[in-house]
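Undergrad: How does the following fold in three dimensions:
(one chain, ligands or ions: 1)
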Amino acid sequence: MSEQRRLIIRGGRRIEGEIAVQGAKNSALPLLAAAVLCRGETELYNCPKLSDCDAACRILSALGCSCKREGSVVCIDASALRTSEISEKLMREMRSSIIFMGALLGRAGQCRLSFPGGCEIGSRPIDFHLDAFRKMGAKIREEHGYIVCTAQKLKGAKISFPVPSVGATENVMLAAVLAEGTTEIHNAAREPEICDLAEYLTRCGAKIKGAGTGTIHIEGVKRLSGCRYTVMPDRIAAATYLCCGAITRGEILLTQADLPSLGLVVPVLEQIGCSIYGFGNGSVYLNARKTLKAPSQIRTAPYPGFPTDAQPPMMALCATLPGTTMFAETVFENRYRHVSELTRLGAKIKVEGRVAVVEGVNRLSGAELEAGDLRGGAAMVTAALFAEGTTGIGHICYINRGYENIEGCLRSVGADIRTV
Ligand code: EPZ
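TA: The predicted model follows:
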């Protein structure tokens, strides 16, 4: 049903008001997987209502955990597991289900799941994950599109990644917390979601040091109990809404937000000419009523660099600013799919490999667009708020994977947006 539904946006209205930011998708997913390690109940607060989280809950239930949602709280009891296998159907619903591999190896000493495969923004290899598990003593077979892992007892090891990988860092953390001995992760990802996962695991009884830095030390323990935990705010949803406020030259207050986790997004918005303030109560205010100008260049990089997930909505904003912005997408090889759709609105963007040159224009006009991936879809929504006339966006299932009620949030701050 959601395949045929489209977002219809009439642009040209200033965004003014307040949005409560959802819990972080990219923290909730590894936290839901981590609950598998605990012989007890986990209560996950501020868990966003997203199709990706629903998929993770279906996997937990299929593994034999009890998993139920009450509003924004998800309760998981993983005391008894029925299986350590995840069906191809469930794996295909969400490629980041690979995060269950570390949890199942850590808890059950084995797992069988299908290759997650690539996705819309790149091939998404998992070699770092598999190499690390082998170093920890797992035997890994790949057969008929399935990965079969067995490990009598995982052993701590020294793991180094060629480039920081969020998923591989998280997967090794999940495999290491119940392993025998100590695991060191070098060139670890430093994203705030890594700290969220480490904090949850520590509350469950794990021994982890260095999360948020490039080197993480984990000392294996015998067992983990569940705990009550609140998912951190979604820094990419927050960045997206700030871009929506800026592109309409409006002002927006984000509550339940976290300024430090926004990283380089803040100085870039300030370079553009926005005023941004963070308040101690976890809110972030942006005012874009002044004259704005294009930033000269934006280069994505692992945290604390400019987040690749914020590149598409930020590009939509830059497409409407006087001047030229050069983007360099260093993390994924195919993350400019939104460019052709933004061009249909009148944006002037040239792509050469991993570089995109955006020449700002002072008007965009509405058109019919099709989302091709999650953050590319968010870029189309951002640009449509500025475009004159009506823009239709299809395949909104991509957008609903990562944004909880984007239509309601934007409508609450003045956007003319509806789903048909
Ligand atoms: C996580 O993906 C996020 N997803 C992505 O968000 C995010 O874009 C990405 O981190 C980077 O921040 C979740 O957290 C669920 P990586 P992940 O491993 O873990 C290469 C969104 O829109 N690599 O940090 O898959 C890889 O090809 C999504 O919310 C290997 O070569 O990303 C990439 O070039 C999109 N081998 C680089 O590392 C491996 O085994 C970073 O990828 C693993 C990764």
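Undergrad: Contacts only, for the closest residue to the ligand within the chain.
TA: At 2.7 Å from the ligand, residue 167 is the closest residue in the chain, using C-beta to the nearest ligand atom. All C-beta spots, glycine's among them, are computed from the backbone N, C-alpha and C. Residues in contact with residue 167, defined by C-beta atoms under 8 Å, 6 or more residues apart in numbering, are 96, 98-99, 126, 129.
Undergrad: Can you tell me which of those residues is nearest residue 361?
TA: residue 96 (35.4 Å; C-beta to C-beta).
Undergrad: surely the closest one meets residue 117?
TA: No: in this structure, residue 96 is not within contact of residue 117 by C-beta atoms under 8 Å, at 11.6 Å.
Undergrad: Need the phi and psi values for the residue of the chain positioned farthest from its centre.
TA: Here the centre of the chain is the reference, and by C-alpha atoms, centre = their mean the most remote residue is residue 152, at 32.7 Å. Per-residue torsions, residue 152: phi -50, psi -60 (degrees, to the nearest 10).
Undergrad: any idea how far residue 143 is from it?
TA: Separation of residue 152 from residue 143 (C-beta to C-beta, to the nearest Å) stands at 20 Å.
Undergrad: Equivalent analysis for residue 354, please.
TA: In this view, residue 354 and residue 143 are 35 Å apart by C-beta to C-beta.
Undergrad: and the one helix or strand in the chain whose mean pLDDT sits lowest with the ligand, contact?
TA: For the chain, using mean pLDDT, DSSP states H and E, the weakest element among its helices and strands is helix 88-93, scoring a mean of 90. No: using C-beta under 6 Å from any ligand atom, helix 88-93 never reaches the ligand; the gap is at least 13.2 Å.
Undergrad: circling back: residue 96 and residue 117: which is more packed in?
TA: Neighbours were counted for residue 96 and for residue 117 using other C-beta atoms under 10 Å; residue 96 has more, 20 against 13.
Undergrad: Please list the residues of the stretch 301-420 of the chain that sit near the ligand.
TA: Contacts of the stretch 301-420 of the chain with the ligand, taken as C-beta under 6 Å from any ligand atom, map to 308-309, 331-332, 374-375, 402.
Undergrad: can I get the residues you listed in CSV with neighbour count?
TA: What follows is these, written out as CSV (neighbours: other C-beta atoms under 10 Å):
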residue, neighbour count
308, 19
309, 25
331, 21
332, 19
374, 23
375, 28
402, 26
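Undergrad: Among the residues you listed, which are located in helices?
TA: Counting by DSSP state H, the part of these found in helices is 374-375.
Undergrad: CSV for the residues of the stretch 301-420 of the chain next to the ligand, including pLDDT?
TA: Listed next are those as CSV, based on pLDDT from 0 to 100:
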residue, pLDDT
308, 98
309, 98
331, 96
332, 95
374, 96
375, 98
402, 95
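Undergrad: Would you map out the domains in this protein?
TA: 2-22+233-419, 25-230 (automatic domain parsing).
Undergrad: before we move on, back to that, among the residues of the stretch 301-420 of the chain next to the ligand, which pair sits farthest apart?
TA: Longest distance between any two of these is 16.4 Å, between 331 and 402; criterion C-beta to C-beta.
Undergrad: Please identify the helix or strand for residue 99.
TA: Taking DSSP states H and E as the definition, one finds residue 99 inside helix 99-108.
Undergrad: May I have that helix as CSV, with CA atoms only?
TA: What follows is helix 99-108 as a C-alpha-only set of coordinates in CSV (Å, rounded to 0.1, in the frame of the first residue of the first chain):
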residue,chain,number,x,y,z
ILE,A,99,24.1,-6.4,13.3
PHE,A,100,22.3,-9.5,14.7
MET,A,101,25.3,-11.6,13.7
GLY,A,102,27.6,-10.3,16.5
ALA,A,103,24.8,-10.6,19.1
LEU,A,104,23.9,-14.2,18.1
LEU,A,105,27.5,-15.3,18.0
GLY,A,106,28.0,-13.7,21.4
ARG,A,107,24.9,-15.2,23.0
ALA,A,108,24.5,-18.6,21.2
